[in-house]
Each structure stands twice: as structure tokens, then as C-alpha cells.
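> only geometry, no sequence info:
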């Protein structure tokens, strides 16, 4: 009697891939905890909002608990905004942590601005944990009204 079996050329590869996926899941659970509770992996710090009008570019960054003395703000090449700083731990080291989702330590974030800004005309304020930066556009970056002549 002849027995027919279905030919599945990729079955072994699929089984190995599934086993590897399960192993990676166990590895991440061991190091990070339950994957459903991962606190926003891939989120950049600090979160920044960027907008503009005809004359200015505005940036806002959330920096809760940040001290002004721990911040450094710079603009390079007229369109690269960099925020550097240091976040201190929220509590003394001798406490037992039960959950820690807010990180601490040094951070640096550089973003490209949509237009060139005048580096001599930048205003930055830190109020209630929000850093607000107002940057004047260079004259070349401002919209220019064109007068149309008729004959």
C-alpha cells in the first residue's frame, strides 16, 4: 500500500523561525518584562513639537523636573537645533524601586529645522516643565511678497 504525504518544502524553516521567535520573546521578557508593559520603546527624549509662521520657528520640548542649569541649547548651520541635558534620578539610590519608567542620565537630541534661522535672534524659556524656543527666520527664509506689474 502506498501512502501519499503532502510535500511541504518550507516546513522545517517555518518551524525553526517559530522556535526562534519564541526564544526571542522569552529573552525580551527576561530583560524588559512583559512586552505589554514596555514603556514606549523607540520614543525619543525629549519629545519636541515644531511649528512655524511667516517670521518665526517655534519648538516646544517637554522636560518635567528639568533645571535650567542642566540644559544646553544650540543651533548649528542655521537649521540644526540641539538640546543637551542631564536628568537626575527621581529618588535617592537607597530606595527599593518597584517600577521605573522615567529614565535619567544624559540626553542629546538634534532635529533639523524646516528653514534657516537667525542664530542671534533666539529666545528660550523654561516654564512648568516645558521648554519654549522662539527662533527668528533669516530674511532669505521669510516669504517674500512679489509685486505683479501690469502693462
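Cool, the structure landed. Note that this is a predicted model, so its numbers are computed, not measured.
> tell me how many other residues surround the residue lying closest to residue 115 once chain neighbours are set aside.
Nearest residue to residue 115, sequence neighbours excluded (CB to CB, 6 or more residues apart in numbering): residue 141, at 3.8 Å. C-betas here are computed from N, CA, C, even on glycine. If you count neighbours by other CB atoms under 10 Å, residue 141 ends up with 18.
> secondary structure class for residue 141?
Three-state call for residue 141 (DSSP: H, G, I helix; E, B strand; the rest coil): coil.
> residues in contact with it?
Neighbour list for residue 141: 115, 116, 117 [criterion: CB atoms under 8 Å, 6 or more residues apart in numbering].
> what's the answer for residue 76, then?
Residues near residue 76 by CB under 8 Å, 6+ apart: residue 82.
> per-residue pLDDT, it?
For residue 76, the model assigns a pLDDT of 91.
> what about it? Give its phi and psi, please.
The phi/psi pair for residue 76 (degrees, to the nearest 10) reads phi -120, psi 150.
> returning to what we had before: tabulate the contacts of residue 141 (JSON lines), appending distance to residue 99, secondary structure and neighbour count.
Converted to JSON lines, the contacts of residue 141 look like this (distance: CB to CB, whole Å; DSSP: H, G, I helix; E, B strand; the rest coil; neighbours: other CB atoms under 10 Å):
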{"residue": "115", "distance to residue 99": "42", "secondary structure": "coil", "neighbour count": "14"}
{"residue": "116", "distance to residue 99": "44", "secondary structure": "coil", "neighbour count": "17"}
{"residue": "117", "distance to residue 99": "40", "secondary structure": "strand", "neighbour count": "24"}
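> show me the domain layout of the protein.
9-37, 48-89+104-137 (automatic domain parsing).
> please identify the most buried of those.
Mean neighbour count (mean count of other CB atoms under 10 Å) peaks for domain 48-89+104-137 among the domains of the chain, with a mean of 15.
> quick one: end-to-end distance for it.
Domain 48-89+104-137 stretches 19 Å from its first residue to its last (CA to CA, to the nearest Å).
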